[in-house]
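>>> Here is a sequence together with a model predicted from it:
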Amino acid sequence: MHGTILAALLFQSFFALLVQATLYVIEPTAGFTCSGGKPCTVEWLDDGTAPLLSQIGPCQVALYNGDHVLVQQIEPVDVSVVHSLTFTPDPKAGPDSDE
């Protein structure tokens, strides 16, 4: 799975909680690839506009495909405490994509 799609899809439900703030995914960068069965790290920052990550707390995180279908539930993350998440994409989640 390519990192840019992964980052976008991984935080789809996360972004819903941050509709008033801007979240910047700083890792993976464009062109980076996450592969099924291998650890992948996603890092993020806010833009300094309320609500800040420090004010949000625990968030549900999941991996969705391009059709917005849940393909992997990932452990919740408390964004008020941590600014990264390492998980292992399920190799059965779907084919590789360059979209």
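Nice, I can see it. Numbering: from 1, shown residues only.

>>> rest of the way, CA atoms for contacts and neighbours
Fine.

>>> so where is this protein shaky, pLDDT-wise?
1-22, 96-99 (pLDDT under 70).

>>> all strands in it, in order from the N-terminus.
With DSSP state E, the ranges of strands along the chain come out as 23-27, 40-46, 58-64, 70-78, 84-87.

>>> chain center to the first one: distance?
When you say that, I think you mean strand 23-27. 9 Å (C-alpha atoms, centre = their mean, to the nearest Å).

>>> same check, this time on the last one
Its chain's average C-alpha position is 8 Å from that of strand 84-87, according to C-alpha atoms, centre = their mean.

>>> and if you look at the second one?
In terms of C-alpha atoms, centre = their mean, the centre of strand 40-46 is found 7 Å from the chain centre.

>>> that older thread, could I get the strands of the chain as a markdown table with distance to Cys34?
Below are the strands of the chain laid out as a markdown table (distance: least, C-alpha to C-alpha, whole Å):
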| stretch | distance to Cys34 |
| --- | --- |
| strand 23-27 | 11 |
| strand 40-46 | 6 |
| strand 58-64 | 12 |
| strand 70-78 | 14 |
| strand 84-87 | 10 |
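
>>> Name the stretch among those strands that sits most buried.
Among the strands of the chain, ranked by average contacts under mean count of other C-alpha atoms under 10 Å, first place goes to strand 58-64 (a mean of 19).

>>> What strands line up against that strand, and which way round?
Strand pairing for strand 58-64, determined by DSSP bridges: strand 70-78 (antiparallel).
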